[in-house]
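A.B. asks: give me the fold of what follows.
(2 chains)
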Amino acid sequence: MARWFALRALRGALTVALVVTFAFVVLRMSADPALVILGPEAPPEVIAAFRKSWGLDEPIFVQYLDYVAAIFRGELGRSMRDGRPAIELVAERIPATLALTLPALALKIGIGIPAGVWASLHRGTLVDRAVMSLAVAGFTVPSFVLGLVLVLVFSVKLGWLPSGGQDTWTHAILPIVTMGVGGAAVLARFTRSAMLEVLGQPYMRTASAKGLPWARAIRDHALPNAAIPTVTIVGFMVGTLIAGAVVVESVFSWPGVGRLLVVAVSNRDLAVVQCILLLVAATMVASNFVVDLLYGLLDPRLATGARGAGH
Amino acid sequence: MASASSLVRLEGLTVAFDGVRVLHGVDVELARGGTLGLVGESGSGKSVTWLAALGLLPTKARVEGRVLLDGEDLLAASERRLDAVRGGRIAMIFQDPASALNPVLTIRRQIGEALALHRGLSGRAIGAEAKRLLDLVGIPDAERRLSAYPHEFSGGQNQRIMIAMALAGRPDLLVADEPTTALDVTIQAQILDLLDLVRRETGMALVLISHDLGVVSQTCDRVAVMYAGRIVEEGPSDRLFADPAHPYTRGLIGALPPLDGSRRRLVSIAGTVPDPKAPPPGCAFAPRCLHSDRRCAVAQPSVETIEPGRRMACVLAVHRREESAGAASSLARKETAAS
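C.D. replies: The predicted structure is shown next:
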């Protein structure tokens, strides 16, 4: 088991390293931060001085080694715009983002899973088809389109809810709904197909054959089995808690991590972008790890697999 | 047939899926403590018969007829009443024990459910009784193994666990649906012996569904042969094997290698089971039957009693048996020539 943990940790670290390296290279190849930040009309000597002070005049692999060494010292760099530590800039945005993504996650789980279970138990009925059509609509409509439609209806036409900003909790409603709908749709479809697969398994017939009432067979025999694939999707959603709101935050001008990322990318504020991507990769890896642990709890066959993976 | 002592009687049981009939009126009777083998190729309706009787088919299946358990019609019973019958009066075990057990629940939990439902046990009593049942079906180290999951057992052991689970409700009838098909040959015999043992110890009746005549002949007093959703021949096993009357039964026995005596050429039955969507007119077996003639395509043969306790549905064979023994030997000559 200890070896399994070590292996997982190593794999996770590798994933994070790959993301960080990729971001580092691409950011530096795509545009010159000095030109973006100082403007094209800045005098050449100012630009040179800027490059020198941020170490941009060094060869890229030297910059990379410096960057990696700094990470190991716990330093994630400073913003080129105001010189503040990048981690500070990011950290102060996280609560605003979580204020959207956590309720949205609750919405996805609270609606998606019951809807999926319900549809699977009423397969082929009008209601099943209605739920599934809604689900298709829910995840094919891009969130910026849905967001704009919601703004048009609830802010512009009806005037019930504000269209942007962060002043009161009512400002959070539209962005949360915008994010939640798509995720709930994905979860509903996944849960439904997981349930349908389980309901066709011979052990469900065994449960009925031993006299278990249908509702209890669903609760005690079907749900624990259907939970296994569903947990994968929920885990993925947890992994996007930090950076999953880029589009929605932009549409609703919500000052979260996603907005910060958009601004930092367009400014080529290297340290800030890299800091966010590091955080995103780390959350993804962490949630994947938790999902793997949950697999072991939900499915005893995988638990022995996890123990066996150390051999 | 003496219905006073009968435990279960199926009367005119028919099943249709989406308007396609797969079971065409099955009549069969089982005495208390009796053993009945149900034989036929896959698709002949032997499993469907008992799944229908217990209300275990998907809801789109249309089931008609009567399923009498001590005179009570189960097809008219409420879902609640059926839950009490299933596992409590009639238990069922299935073909592939590994997938018939829930992979994420412990054995204790799965056997315990039946004990709680039908015997009202709870807490420690469940553990003790579950252990006793596992001992009974020959799972070694039962106490410890109760907390194991199905994937930690072999196929044969899982079938033993299924049998233990079936016994948990002290049923009057155990329906074993191809219980040995998914198992190794050496394990098959052990499971059949176990079924025979528990049947003798508990006095319950047994329905053994199998495509394997050999399996059925060892275990059952009576045999019913099914073809295309009908029982084509039924009788005491010894009589049916010694003197099969229906051409299909003869074909099945002809396809069995003899255990003793000289080696002979095995006779296979040419063709396949008819598509239930487009059944042939008249006798369903006629297109594959070596002896069929015009009469067979005209009408469905009626079920006739050919001797006390034996029934059969074949126009020609009934005729033939009414004639002298000499006719039968000429038929044997014809068969030899045909093979």
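A.B. asks: give the next helix or strand downstream of the helix or strand hosting B:Gln157.
C.D. replies: Assigned by DSSP states H and E, B:Gln157 belongs to helix B:155-167. Going down the chain from helix B:155-167, the next helix or strand is strand B:173-177, by DSSP H and E.
A.B. asks: just the CA trace of that next one, in PDB.
C.D. replies: This file holds the C-alpha atoms of strand B:173-177, laid out as PDB (Å, rounded to 0.1, in the frame of the first residue of the first chain):
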ATOM      1  CA  LEU B 173     -38.900 -25.200  -4.000                       C
ATOM      2  CA  LEU B 174     -35.500 -24.400  -5.400                       C
ATOM      3  CA  VAL B 175     -35.300 -23.500  -9.100                       C
ATOM      4  CA  ALA B 176     -31.800 -24.000 -10.300                       C
ATOM      5  CA  ASP B 177     -31.300 -22.400 -13.700                       C
END
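A.B. asks: what's in contact with it?
C.D. replies: B:7-8, B:30, B:47, B:50-51, B:54, B:89-95, B:163, B:166-167, B:195, B:198-199, B:204-209 (C-beta atoms under 8 Å, 6 or more residues apart in numbering or on different chains). Placement of C-beta: from N, CA and C, glycine included.
A.B. asks: now stretch B:191-198: mean pLDDT?
C.D. replies: For stretch B:191-198, mean pLDDT rounds to 91.
A.B. asks: and what of stretch B:209-221?
C.D. replies: Rounded mean pLDDT across stretch B:209-221 is 87.
A.B. asks: what does it rub up against?
C.D. replies: Taking C-beta under 8 Å, 6+ apart as the rule, stretch B:209-221 contacts B:34-42, B:46-47, B:50, B:175-178, B:180-181, B:188, B:192, B:195-196, B:206, B:208, B:223, B:236-237, B:241, B:252-253, B:256.
A.B. asks: buried subset of the residues you listed?
C.D. replies: For the contacts of stretch B:209-221, a burial check counting by 16 or more other C-beta atoms under 10 Å in any protein chain shown picks out B:34-41, B:46-47, B:50, B:175-178, B:180-181, B:188, B:192, B:195-196, B:206, B:208, B:223, B:236-237, B:241, B:252-253.
A.B. asks: narrow these to those in helices?
C.D. replies: B:46-47, B:50, B:188, B:192, B:195-196, B:237, B:241, B:252-253 (DSSP state H).
A.B. asks: show me which pair in these is furthest apart.
C.D. replies: B:Trp50 and B:Ile253 (23.7 Å; C-beta to C-beta).
A.B. asks: pull the helix or strand with minimum mean pLDDT from chain B.
C.D. replies: Least confident helix or strand, chain B: helix B:325-338 with a mean of 53, by mean pLDDT, DSSP states H and E.
A.B. asks: what residues does chain B put near chain A?
C.D. replies: Selection of chain B residues close to chain A by C-beta under 8 Å from any C-beta of the partner chain yields B:51, B:54, B:56, B:79-80, B:83-88, B:91-92, B:94, B:96, B:99-105, B:113-114, B:117-118, B:149, B:151, B:162, B:165-166, B:168-169.
A.B. asks: let's see 7 Å
C.D. replies: Contact residues (C-beta under 7 Å from any C-beta of the partner chain) of chain B with chain A: B:54, B:56, B:83-84, B:86-88, B:92, B:94, B:96, B:99-104, B:113-114, B:117-118, B:149, B:151, B:165, B:169.
A.B. asks: pretty sure B:Gly12 sits against B:Gly25.
C.D. replies: Yes: with contact defined as C-beta atoms under 7 Å, B:Gly12 counts as touching B:Gly25 (4.7 Å).
A.B. asks: so what sits against both of the two?
C.D. replies: Between them, B:Gly12 and B:Gly25 share these contacting residues under C-beta atoms under 7 Å, 6 or more residues apart in numbering or on different chains: B:Gly65.
A.B. asks: ok, these two, which is more surrounded?
C.D. replies: Per other C-beta atoms under 10 Å in any protein chain shown, whichever of B:Gly12 and B:Gly25 has more neighbours is B:Gly25, with 17 against 12.
A.B. asks: list the contacts of the spatially closest residue to B:Leu10 that is not a sequence neighbour.
C.D. replies: The spatial neighbour of B:Leu10 that comes closest, neighbours along the chain excluded (C-beta to C-beta, 6 or more residues apart in numbering or on different chains), is B:Val28 at 4.9 Å. B:Val28 sits next to B:10, B:224, B:231 when contact means C-beta under 7 Å, 6+ apart.
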